[in-house]
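# This is the structure alone, sequence omitted:
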């Protein structure tokens, strides 16, 4: 099982930006599709973005299109989620997950990080 570690969560004002990182040790992340999910209190975990392992194709939740960007840095064995124009409704714990292919369903991913808190508030 892939071990993943997220970082970069913080408290930020509306309209601000954050970059989340998903790093792996002892495994090469470019062998996997990497998804970002988020879960707000009292809500279902939802898929935010995913980058495929083969062709680097990216996918986004409709509400983050144009604001979030997922990318890989294979040299650093890290996947990033750049989040711009943040809104209070983006507040959640953000998780990265790994599996063979992208899916918007969290149950399709077998390996997870511990999560990082993003809070958007003035």
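Received it, and whenever you're ready, just let me know what you need. None of the values given here were measured: they were computed from a predicted structure.

# pLDDT of stretch 110-122, averaged?
Here stretch 110-122 scores 96 as its mean pLDDT.

# Quick one: residues contacting the residue nearest in space to the middle of the chain.
By C-alpha atoms, centre = their mean, the chain has its centre lying nearest to residue 36, at 2.6 Å. Residues near residue 36 by C-beta atoms under 8 Å, 6 or more residues apart in numbering: 20, 22, 47, 48, 49, 50, 70, 81, 94, 95, 96, 97. The C-beta positions use only the backbone N, C-alpha and C, and glycine is treated the same way.

# neighbouring strands for the worst-scoring helix or strand of the chain on mean pLDDT, and are they parallel or not?
Within the chain, no helix or strand scores below strand 111-112, which has a mean of 93 by mean pLDDT, DSSP states H and E. Within its sheet, and counting by DSSP bridges, strand 111-112 is paired with strand 92-99 (antiparallel).

# before we move on, which element is the residue nearest to the centre of the chain in?
Per DSSP states H and E, residue 36 falls inside strand 33-39.

# That strand to strand 92-99, inter-axis angle?
160 degrees (axes from the mean of the first three to the mean of the last three C-alpha atoms, to 10 degrees).
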